[in-house]
Structure formats: structure tokens, C-alpha cells
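A.B. asks: predicted coordinates and the sequence they were generated for:
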Amino acid sequence: MRQHLLTVLILLPLLGVLVSVGYSFAPSRQDFHYKWIALAVTTFTFALSLLLVGGVGAAEFRFEENVNWIGAIGARYHLGVDGISLWLVVLTTLLMPIAILSSWTSIAKRQLSYYVFLLLLESAMIGVFVSLDLLLFYLFFEASLVPMFFLIGIWGGERRIYAAIKFFIYTAVGSLLMLVGIIALYFIYGTFDYAAILAAMSAQTTLLSPNAEFWLFLAFAFAFCIKVPLFPLHTWLPDAHTEAPTAGSVILAGVLLKMGTYGLLRFNLGLFPSMSRQFAWIMITLAVIGIIYGALLAMVQPDVKRLVAYSSVSHMGFVVLGLFSFTEFGMQGALYQMLNHGVSTGALFLFVGFIYERRHTRLITDFGGLATPMPWFSTLFVFASLSSIGLPFLNGFVGEFLIMLGAWTSNAIQHPWIVTMLAATGVIWAAVYMLWMLQRVVFGKTNPTNATLPDLNAREIGLLLPLLILMLVMGVFPRPFLDRSKASVEAVRARVAAPPTGGSFAGNSSRVLRVAP
Amino acid sequence: MGPQLSWYLALSAILFTIGVVGVIIRRNVIAMFMCIELMLNAVNLTFVAFSSFFQDVTGQLFVFIVMTVAAAEAAVGLGIIIAIFRNRESLDVDEASVMKL
Amino acid sequence: MENNLLSFIIFAPLAGAVINWFVGRRLRNEKIIGFIACASVGISTIIAFYLALKSNGALRSTESIFDHLWTWIQVGRFRADFALAMDRLSGTYALFVTFVGFMIHLFAVGYMHGDRGFYRFFAFLNLFMFAMLTLILADNFLLMFVGWEGVGLCSYLLIGYYTDRKEAGNAAKKAFITNRVGDWGFVLGLMLVFYLTGSISFFEKPEHGVISALQAFAGMGVDPFTWKSLFAGGATSVAVLLFIGAVGKSAQIPLYVWLPDAMAGPTPVSALIHAATMVTAGVYMIVRCSAIYTHAPTAMFIVAVIGAATAIFAATIGLAQNDIKKVLAYSTVSQLGYMFLACGVGAFAAAIFHVITHAFFKALLFLGSGSVIHGMHHEQDMRRMGGLRKYMPITFATMLTGWLAISGIPIFAGFFSKDEILWKTWSAGEFSLPSPLWSKALWFVGAITALLTAVYMTRMMIMTFWGSERFREQDVDHQLEGDAAPAPHSVHEPHESPWVMTVPLIALAVLSTVGGFIGVPYALGSLFSDHPVSYIDQVLEPVLSHVPAGVPHSERAHAVDEMQWLSPKPQQLDGAPAVHALEGPAASAERAHSPEEIRQERFLAMVSVLIAALGIGVGWLIFQKRPLLQMPRILENKYYVDEIYDATIIKPIEVVSREGLWKLFDVGVIDGFLHSLGDAVTEGGRMVRHLQGGFVRSYAAIILIGALALIGLFAYFGAHTLGLAR
């Protein structure tokens, strides 16, 4: 069991799919049973994924499975988790039952397919984080796209079709480029196996030419930056987030965006350290622009959900900034910020979903004074917003602080303090847009139409509680999380921050980049 | 001196050409369908001829695959044809140029 | 075991907050909620006094009391503990914060009586005490920042306590965001501290392998007094960044705008957070970092100038306000300016002294105003008061002492601390000032501010307690300008407040009267005693850094001429003298008591007294006759600073974001580009779609042609490669 744990984690949701579909043929089926099946399966998956936590700590991959998959082209079924992917897997499995609970009453049509898509999505997401074979990774990466496409396209808001197609095309373009990169790597190294390629690079048996590395880096980075999303590739996100059903937004913000940053960390920094160093200033510049730009746009959105969506652009900018600082603070902080963002923004989308379900509008101006009719909602919403703002002793602060510290102490760029100062303004902006939104939604005079809104019920509070508790715990005791990822992050950092000759190509990387053949 | 390989190939080519011409010039969907079958069987003939010439059974194996495909195609194709006929009361392919009715 | 008591100081209020939040909301019993809230702060107070004043307590020995709870963040070299420390500075601070906090809690039980959110108010107030005490007792910058943000949060929650009032929400948001601007500087300063020293701890903790960042600074050379050093990434940069934080939290120019608005919160909140404790956090932080500031003369100069400017600026605005709490708010801003002026000239002990006395008399004044507002049934406009001394004798008497204290009448607390600051400014050396003239100029500004303070406080007292009983005049509403819709309010008989409110008033009044004797300067004390003791100096001097005396400018300016752009200076961690060891208490007490200086100091004290008396006299003469005298409009409108900020910063950012970035760039440019890309593809498809006519036989023909073409191609090239073609 333990040695096949990862496979079990991937297959369990699929089993749930089979059970659901099988149940749909039962003569006495009831539509509301599907969510129970989904909830049971995802909860069990979450419980199982906790078994991973104890086993991970060092830099190596644990719970590895490595068997032949498509022998003819050397593709292997190679799974494993290390400190980088561990918490992302757990985050995925944690958010899943919450997402299902959040759809409990809001999804009425086509329940079978809805929950089947959610379960398929979970499989794919876990697969993305634990695949160590590039082809397998690509497979899961793409597979996560399809269920989300349908979730947005069928159960979304008014402009759902537009949003779904935009989301799909944006992401597919990026990942196809990555596929090209993967195939190129296969022709250079003769394998799809991440570990094998990494070993060949580290041992300097096969070195990439700077030119090849340049294009490979770009291919991978493009795919991941769209997913993150990094400015200026972010415009799919507000539409997709806004139109998706609540559960979709939660998963999208909580997990799907992390695939981008995870990919940057695992593949771009891991496989192409020299080129990462050369691209650092571009990535950092875009990240800082994204931080400020996302925040400014969030500030002026009339739609609560769009506001939270743009705030994601800002927060994910922090993550990219941290990753490309090439310091332990920055990269650890970035990894931590991925989790924080999943928890905080996931929670914020849930809140938005709750009021949408009650009022069927997301316009800020339609609300106001919710504190009086909905005290629980208001209290918890303020709490989650504060976590998103980055109040110390809540989770957001630790990540953002470490990222900024990493940026300040970075050697990746010149004058890192300017970057840090700019990035730190993101913290001010966060307060501006969040508090402004809170003030217009929660405080003030109660709008008569809102005066009779029911407060959160037990289910809604119950599904929020894990996230809210996690916000506090992650803010006050971050070390259990950080310590587990320390060794793995340090391994990547050591490679990427090494002197120029220690990278993946032996060229002099201080030289100005030349692309000519 | 028995039949040469080239005789079989020539026959096959003739059959194939008849099939091609039939598909292009006939409007009746049944006739077109039969012409396609004719082309498939022309290929089968080639396979068998080569198989016998090279003393290699691989060709005959392919014939079986082709026959299976042809059978499946016939089943599906006839099904579609019946559906079209039900809807349009005509077997003229040119009248079925759009998928929607 | 004993050390664990330290953590009770902060956790008792936290426990109170949690209990009140979860249990109190169900109980809805004001007695129990009030008791829990007061008791939790009371526990803190008792423990703080015990730890500070017992034999070998924090204030009586040179050893600090440490309590290491857990290591909060540890990544690489960076380490932030959740660890508390009580040394002489934090001990002093904790004493008055807990005590004043307790008094205000007590007062609030009476003031908030009957409020719907009683439990919520006290939960927030207790949470504030937790955050404030964390700020004070933190043993490193990051934990201090936790408290720093925590008090900001509580301030936000409490200003916006009346959630259904729009202006309260606006004020709360404004306070938080303005503070965030300051926090920006604090965080960056903190990072630079870490970058330069590799530590963020205030204290040396060998058993945890933690070195003290402040000692590392103490071991560095003094930055040159140039503008360039601001951007050099040394002590001056750190000091200025941290000062930005202090400017935000302590409401100095240009970030002071939030404090007057913050008066939208309940009055006990104004007293506790926006007068006595939180707003002085900036002063505390600068004094805590005195080792950094004494190495950054440029930063100290900036601190002094901004402090003095804020003092006089806010005092002029205070002259013209009609809301009793607004007067006190601007007075607070002005007094905070004094404290920063003291920090800027290196008189750190004097700054803390003024913080303490100010906490007493300003808390008193705010609570007094709260009592008045309570008695007047939530009327805050002084134009509708008058003649209240008959109705509220205790409030009147106690506020009288507060008035005398803030005006600087001798023996009242404010006199000694303000006089100390003015004297230190007058006698400041050249370390942080470009020329000797500056010290006199700053003194002059301070003296004028003292005059204005006396005037506007007199005006406030007269408008409130003397004169005709304007609250009886129904038509007073029509006389008031600017009231768009005067609410038809019925006349309530003003009444004295219950004992829970008057007892804190009396206690604070006593302290406002005698509190100044803890810091009687030598020059004055020696008039009456052979061995005068300034307790405040005696306690604090050992933990403070001092500006190096007697180094002329011209020499220092060239000493470190070449500053590398943001490169850390070589760190002299080993062998650097400890801050404590710089000067013992004895040395400092004996320092600078030349007869000449003593004469000067006595003379200046005389001048101060005259100024205070003059201010009160002038105020009395002007406002006794005409309490409703129309003040200059520019002052009444606060120099239009809010409007200017709104027009030059807030609106442009909003408009550019909405119209420029969002609608034009995001939707127009990026999405527009993508859509045109999509449209191009669609158009292309539209063109080639004619190939797909839907005629099966044409498809077949195309296939045939294609196949023939392919065959032809193969035949042609195959023939070429096989060499068959000629």
C-alpha cells in the first residue's frame, strides 16, 4: 500500500468516477447521491495523502514508482514526491472535498457529470504534481485542462463559453509549446525521465548547447507563465475565475495556478539553471509589474469575483519573484506562498460564492452592510481578507515576507533593493483593494434587499473552518511546512545559483545572450 | 506457365480504377459504397498475389484485417445510409451536402 | 519558571479577547464581559509591575528578562523567534501601557454601557492590548512588526466599530492603509537590518546562537552627514526606512491624516489607541533602535525636522477645530511631533518621558471628553456645549489637571517632560544638525507650539466648561455653518458619569499631576534637593545609545567619503562594545552639569513657564468673551490636506488604474490583440471553407487528385534517386 500510495491517490478519484457512473445505471438512483460519493472519495483521498507527509523530508524523491509505460519510446510511469510537491498534493486533496461541499446546493443541473469532472480533475492534478516522467507530466497537465473546460463551460456564469474557450486556448497553446520542448529533450537525452535527464545534466555527460537551452527554457517557461499567470499573459484568468462555478474558481486558484509555478520551479529552474539565471531579470521584472498591475486592476473592479481574480495575479507575481531570486528565503517563501495563496484565495472565492448564491450578483455596489444580517459571514470574510492582505501571524505574511527578503538578498539581478521596494508596495495595494472592497461589501449601511439574507449555515462554516484554521496555523507555526520542503528547494537552488560552469551548459553565461545560430 | 504476378496486379489495378471512377461518377450512395468495397478487394487481391509470390503469409494476414475493416465499414456505412434515407428519402449523395437537415 | 510570567503579560489579554469573542457573544451580560476584559488586563498589569519592580526586576538590574517561546520562522540564516524580552525600556513602557490600558478598560465598561456590540468591543480592546504588549516586549524586529501590524488591525477594527456608519468605515480604512504605507518602510528597514547584520534580534542570546543586530550597528562607524548616505544602504538608510514606519504609526507629516479621522471610533479607543499607546509605538521603535539612529545623523536630522514641523502644523489646526475629539486628536499629533523632535536631537530618554506623561494627561483628556460626550448624550460639537462645569464637577476637575499638564504649568507632569525636550533641543550638539542655528530654530518652533497648545487647550476648556449653556439653545443649530441638515435634537440634561468612569479619571488626574516627578531634570531638581534623582534618566540611560559628543562636522563629513552603492560595510561583530556598556548610569548622571548649562536650563524653564502662562492668558482673553469666535477657514479645513491628497494621489491612481490600465490596456491592448489573432484565424478559415462543399464526390475527386499527385511525386523523385531518369 505505502509503496503504491501515489498510484492509489491518482486512481482513487477515478474509482469514484466509475462508481458514480455505475451508480447512474442503478434503477433507483437519486441525483443527490453523486455528491455523497464524490465527497466520500475525496475525503478518503485526503486522508490517504496525509500519509505522504511523514515520509518526506530529504531532497530525494519518496514513494517512487518507476515502471515501464510505453516501452517503444522509453516513456515510463515514474512517480515520486519530494518536499516541493508534497504540500501541493496535500493542498489539492484538501481543497477537493471543500470544493465539493461548496457545490452542495448550488449545482442542480447534470450532477453526475459535474462530480465526475471534479473527480477527473483531482486525478489529473495529483498526477501533475507527482509525475517524474515528462511525457506523463504532460499527459496530466493537459488532462487537467479538459474537466476544467467543461466545469467552466457548462456550470459557469453568463459568459461561460467565452471564458472556457479563452482558458482552453490560452493554456493549450502554452502546453503544446512545452510538448515540443519535451520532445526536443527526448531527442537530446533519449529519455522522458526527469530524474534521468537531471542526472545526465548534473554529471555533465550530456550538455545542452546555449542555443538549445534558450529555446527549451522559453518553451517550458511559456507554458508555465500562462498557467501562473504572469503579466502580460494573465487575461484568461479574470474571465475564467469569474465565470467558473465556485468550486471551479477554488480549484483554479488553489491548484491549477500552482501547476505553473510548480513547473517553473521543477523544470525551468531544475533543468535549465543557466538560462534561468539569464532570464531572471526578465522574469523578475514581469513579476513585479504583475504584482503592482494586478493589485491596481483589482482595486478598480466592480465585480467581487474579478477583484479576487486580479488579486491572484498580484499574489502569483510574488511567487515568481521569489522563485527567480535564487535565494533560499525567496524560493522557500515562494513555495510557501503557493500554499498560502491556495488557502486564502480559495477561501475568498468560497465567500464570494456564498453571497452569489444568496443574491445572484457579484457587483460590489449591490452589497453593503452585510455585517448586520450576516455576522458570521462578515467575521470570517474579514479574517480571510486579512490573511490575503498579509497580516502577520496569518499565513500570507510569512510567504510574502520571505519572498521580499529573498528578493532583497538576491544576486540574480542588479539593485535588488529597487525590486524589493516596488514589490513591497504590493502589500500596500493589497490593503487598499481588500479593505475598500470589505468596506463596500461588509460594512456601511445595510441595503434593504440584503437585510434579510440568511447567514452562513453549518455546512458553509464547516467547509471554511479547515481553511481558516490553516491560515492561522500556517501563520504562527510555519516551520513544519518550511522544514519539509527545505532540502528539496535547497537542491534546486544550489543548482541554479551555482557558478556559471556548473549549470546545464558549459558556456560562459555572463556573456550577453545571443540567439543567432 | 501459369498465371504471372503481373496478371494479378493488372487485374487488381483495373478493379481499383473501376472502383475509383465509380465513386466519383456515381451519385447513388449504395453504388458508391459498392465501389469502395471494390477498391478494398482490389487491394486484397494485390496482397494475396504478393503473399503467394514472396511465400510470406503477412500479406494474407493483412487481407484478413482489411476484410474485417470492410465488414465493419459496411455495417456502419449501411446504418448511416439507412438513416440518411429515412431523413431525406433519397440516396443521392449530392443532396446530403450539409449535416443538418 | 519565573520567565514564563512574561508571556502571561501578553497572553492574558489574548485569552480575554478569545473568551469574550466566543463566550461573551452568547452571554450578552455586560458585567461578566466587562469583568473578563478588565481582569485580563489587570493580570497583565500586575505581572508587569511585579516583573519590572521586584528586586532584580527589569527596571532595577541591567539584566533583561527573556522568555523564548518558539522559533517562529527559520529559513537559512534568517531566524525570527517568538520570544519576549523585558529590559529597562520595554519594562518602562509595559508599566504605563498596562496601567493606562487597565484604567481605560475600566472607563470603557461605563462608556459602552448598553451598546449592542459590547462583547465585540472588549474582545477587540483586549486583542489590542495583546498586540501592543507584543510590540513592546518583542525581542526582535519581526515580532515587533507583528505587534505593529496587530495594533494597526485592532485600530482598524475599533475605528470602524460602528459598522453602519460610513465615515467610521472610511476612517478605519484610511487608518489602515496609511499605516500600511508606513509599514512598507518598516519592513524594508527590517530587511536592510538583516542584510547588514545577519540578525534581526534586539538582544544577544548566545544560548540560541542569536546575535544582536543593534550591537552590530553600535559597532559600525557613524554614517557621514550627507544626503547621499540616505541611499547608501547603511545605517542612515535603515534609520530612514524605519522612520517611515514610525511616521505612519505615529501620525507625523505627511502621513498624519488618518489620526484625526480615527476619532470616529468610540472615545475609549481614541484614548487608549490613538493617544496613549499605539501612536507612541513609533517613538518606542526609534528609541529601541537608538543604536542605529546615533549612527545616522542625517536620519536624526530628518526626524527632528519632521517632528518639529508636525508639532507646529498640527497645533495650528487644533486651534480651529470644533469637535472636542478633533482638538485632542490634533493635539496628539502635535505632542507626538515633540517626541520625535526629542528623538531627532538625541534626547531619547526625554522622548520616552514625554510619552509617559503624555499617556497620562492625554488619556485623561480623552476620557474626560468621553465623559463629557457620554454626559451630553453623544454630542461632540463644542459649539453645542458650554457651562458644563456645574453639571460634571468631577470630569471638570480632572480635565482641569489635564489642561494644566498639557499646557506646561509647573509641577504638572507635562511641564517637566516638555521642558526637558525643549532644553535638549536648545542644547543639542552639532551631531544631527547642520549648524548650531538649527537647534535654536527648532527650539523656537517648539516654544511656539507650546504657546499654541496652551491657547487651543484653553479654548477647548472654555467652550466646554465655561460660558453659556449653549446646548439649551435650539437655534444654535442655525447659527452653525456647514451643518447641511441640523438634526433636531431634544435637550438632554447633562449628567455626571458613573463611578467606573470617574475613578479612572481621578487616577489619571493624580498621575498627570505628580507623574512628572519621575523625571525632574538636574537643573530644576537641584533647586530643592542636594541629590536630585531623575528616575527616568536613571532607568533608561543605560539601555540607550548616545550621540557621540564633540565631533565637528567638517571632520566627520570627509571621514567616510567613499560610500559604495548599497554595499554593506565590513561588519565588526567581534569586539564591538555592547550598547549597555557604553555608559553607565553614574556616568550619564554626572554628564553635562556645568554651572553654565544649569543656569541656561533654569532660564529656559522660566521661559517655558512664561510661554504656558501667556498661552493660557491669551486663550482666556480671546475665548472667554467669544467662545464661538470664527477661526480662519484654512485652519478649520486643515489646510485642505485631505483634499490635496485626494486630488493629487488617490484620484489619479484610481482613474489611471480604471481607465488606463484596465479598460485601455488590459481589455483593449492585451485582449484586443488576442481577439484580433482569433479573428484572423476565423477569417482564414472562412476563406478555405469553400473547399468543404459537403459534396462527397468532390471529396473523392480531391482525394484522387491528391493521391495521383503523391504518386507522381514519388515516381519523379524515386526515379531521380535511383538514377533512372536522364
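C.D. replies: Good, I have the coordinates.

A.B. asks: correct me, but residue C:192 touches residue C:239?
C.D. replies: No - in this structure residue C:192 lies outside contact range of residue C:239 using C-beta atoms under 8 Å: 9.8 Å. Every C-beta, even on glycine, is put in place using the N, C-alpha and C of the backbone.

A.B. asks: which one's more surrounded, the two?
C.D. replies: Counted by other C-beta atoms under 10 Å in any protein chain shown, residue C:192 and residue C:239 do not tie: residue C:239 has more neighbours, with 28 against 24.

A.B. asks: got any ranges where the stretch 451-600 of chain C has weak pLDDT?
C.D. replies: Low-confidence segments of the stretch 451-600 of chain C, defined by pLDDT under 70: C:474-492, C:549-593.

A.B. asks: please enumerate the helices of the stretch 301-450 of chain A.
C.D. replies: A:304-323, A:328-359, A:375-389, A:395-408, A:416-441 (DSSP state H, counting those that start in this stretch).

A.B. asks: turn the ones you listed into JSON lines, columns for mean pLDDT, mean neighbour count and distance to chain C.
C.D. replies: Formatted as JSON lines, these follow (pLDDT from 0 to 100; neighbours: other C-beta atoms under 10 Å in any protein chain shown; distance: least, C-beta to the nearest C-beta, whole Å):
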{"stretch": "helix A:304-323", "mean pLDDT": "93", "mean neighbour count": "29", "distance to chain C": "9"}
{"stretch": "helix A:328-359", "mean pLDDT": "92", "mean neighbour count": "26", "distance to chain C": "4"}
{"stretch": "helix A:375-389", "mean pLDDT": "91", "mean neighbour count": "22", "distance to chain C": "7"}
{"stretch": "helix A:395-408", "mean pLDDT": "92", "mean neighbour count": "29", "distance to chain C": "5"}
{"stretch": "helix A:416-441", "mean pLDDT": "91", "mean neighbour count": "22", "distance to chain C": "4"}
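
A.B. asks: let's check: the centremost residue of chain C is which one?
C.D. replies: In chain C, the residue lying closest to the centroid (C-alpha atoms, centre = their mean) is residue C:249, at 2.2 Å.

A.B. asks: residues in contact with that one?
C.D. replies: Counting by C-beta atoms under 8 Å, 6 or more residues apart in numbering or on different chains, residue C:249 makes contact with C:148, C:151-152, C:179, C:182, C:278-279, C:281-282, C:285.

A.B. asks: quick one, what contacts the closest residue to it other than its chain neighbours?
C.D. replies: Distance criterion C-beta to C-beta, 6 or more residues apart in numbering or on different chains; nearest residue to residue C:249, sequence neighbours excluded, is residue C:282 at 4.5 Å. By C-beta under 8 Å, 6+ apart, the residues touching residue C:282 are C:182, C:245-250, C:252, C:336, C:340.

A.B. asks: want to try TSV for the helices of the stretch 301-450 of chain A, with distance to residue A:31 as columns?
C.D. replies: Below are the helices of the stretch 301-450 of chain A laid out as TSV (distance: least, C-beta to C-beta, whole Å):
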stretch	distance to residue A:31
helix A:304-323	27
helix A:328-359	18
helix A:375-389	28
helix A:395-408	37
helix A:416-441	33
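
A.B. asks: could you dump those to TSV with distance to chain B?
C.D. replies: Listed next are the helices of the stretch 301-450 of chain A as TSV, based on distance: least, C-beta to the nearest C-beta, whole Å:
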stretch	distance to chain B
helix A:304-323	37
helix A:328-359	37
helix A:375-389	49
helix A:395-408	53
helix A:416-441	47
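
A.B. asks: so for residue A:27, which of those sits nearest?
C.D. replies: Proximity to residue A:27 (C-beta to C-beta) singles out helix A:328-359 among those, at 32.3 Å.

A.B. asks: closest point of the stretch 301-450 of chain C to chain B, which residue?
C.D. replies: Proximity of the stretch 301-450 of chain C to chain B (C-beta to the nearest C-beta) peaks at residue C:378, 73.4 Å away.

A.B. asks: what's the helix or strand for that residue?
C.D. replies: Using DSSP states H and E, residue C:378 sits within no helix or strand.

A.B. asks: ok, now how distant is it from residue C:125?
C.D. replies: 19 Å (C-beta to C-beta, to the nearest Å).

A.B. asks: between the two, which one's more packed in?
C.D. replies: Neighbours were counted for residue C:378 and for residue C:125 using other C-beta under 10 Å; residue C:125 has more, 30 against 10.

A.B. asks: which helices and strands does the helix or strand where the more buried one lies pack with?
C.D. replies: Residue C:125 is located in helix C:118-137, with elements delineated by DSSP H and E. Contacts defined by 3 or more C-beta pairs under 8 Å, 6 or more residues apart in numbering or on different chains; DSSP states H and E place helix C:118-137 against helix C:4-19, helix C:25-27, helix C:30-53, strand C:78-86, helix C:88-111, helix C:141-159, helix C:281-288.

A.B. asks: make it 10 Å
C.D. replies: In terms of contacts (3 or more C-beta pairs under 10 Å, 6 or more residues apart in numbering or on different chains; DSSP states H and E), helix C:118-137 is packed against helix C:4-19, helix C:25-27, helix C:30-53, strand C:78-86, helix C:88-111, helix C:141-159, helix C:267-271, helix C:281-288.

A.B. asks: from residue C:162, how far off is residue C:425?
C.D. replies: 40 Å.

A.B. asks: where in chain C is pLDDT low?
C.D. replies: Those would be C:1-4, C:474-492, C:549-593, C:724-726, if you go by pLDDT under 70 across chain C.

A.B. asks: the helices in chain B, which residues?
C.D. replies: With DSSP state H as the definition, chain B shows helices at residue ranges B:5-25, B:29-54, B:58-88.

A.B. asks: chain C is nearest to which of those helices?
C.D. replies: Closest of the helices of chain B to chain C is helix B:5-25, at 4.7 Å (criterion: C-beta to the nearest C-beta).

A.B. asks: and the closest one, C-alpha only, in PDB?
C.D. replies: C-alpha atoms of helix B:5-25 as PDB (Å, rounded to 0.1, in the frame of the first residue of the first chain):
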ATOM      1  CA  LEU B   5       2.200 -12.000 -60.800                       C
ATOM      2  CA  SER B   6       1.800  -9.100 -63.200                       C
ATOM      3  CA  TRP B   7      -1.600 -10.500 -64.300                       C
ATOM      4  CA  TYR B   8      -2.900 -10.300 -60.900                       C
ATOM      5  CA  LEU B   9      -1.600  -6.800 -60.400                       C
ATOM      6  CA  ALA B  10      -3.100  -5.700 -63.700                       C
ATOM      7  CA  LEU B  11      -6.500  -7.200 -62.700                       C
ATOM      8  CA  SER B  12      -6.200  -5.500 -59.400                       C
ATOM      9  CA  ALA B  13      -5.400  -2.200 -61.000                       C
ATOM     10  CA  ILE B  14      -8.300  -2.500 -63.300                       C
ATOM     11  CA  LEU B  15     -10.700  -3.300 -60.400                       C
ATOM     12  CA  PHE B  16      -9.300  -0.400 -58.400                       C
ATOM     13  CA  THR B  17      -9.700   2.000 -61.200                       C
ATOM     14  CA  ILE B  18     -13.300   0.900 -61.800                       C
ATOM     15  CA  GLY B  19     -13.900   1.500 -58.100                       C
ATOM     16  CA  VAL B  20     -12.300   5.000 -58.100                       C
ATOM     17  CA  VAL B  21     -14.200   6.000 -61.200                       C
ATOM     18  CA  GLY B  22     -17.400   4.600 -59.700                       C
ATOM     19  CA  VAL B  23     -17.000   6.600 -56.500                       C
ATOM     20  CA  ILE B  24     -16.500   9.700 -58.400                       C
ATOM     21  CA  ILE B  25     -19.200   9.500 -61.100                       C
END
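
A.B. asks: brilliant, that's me finished.
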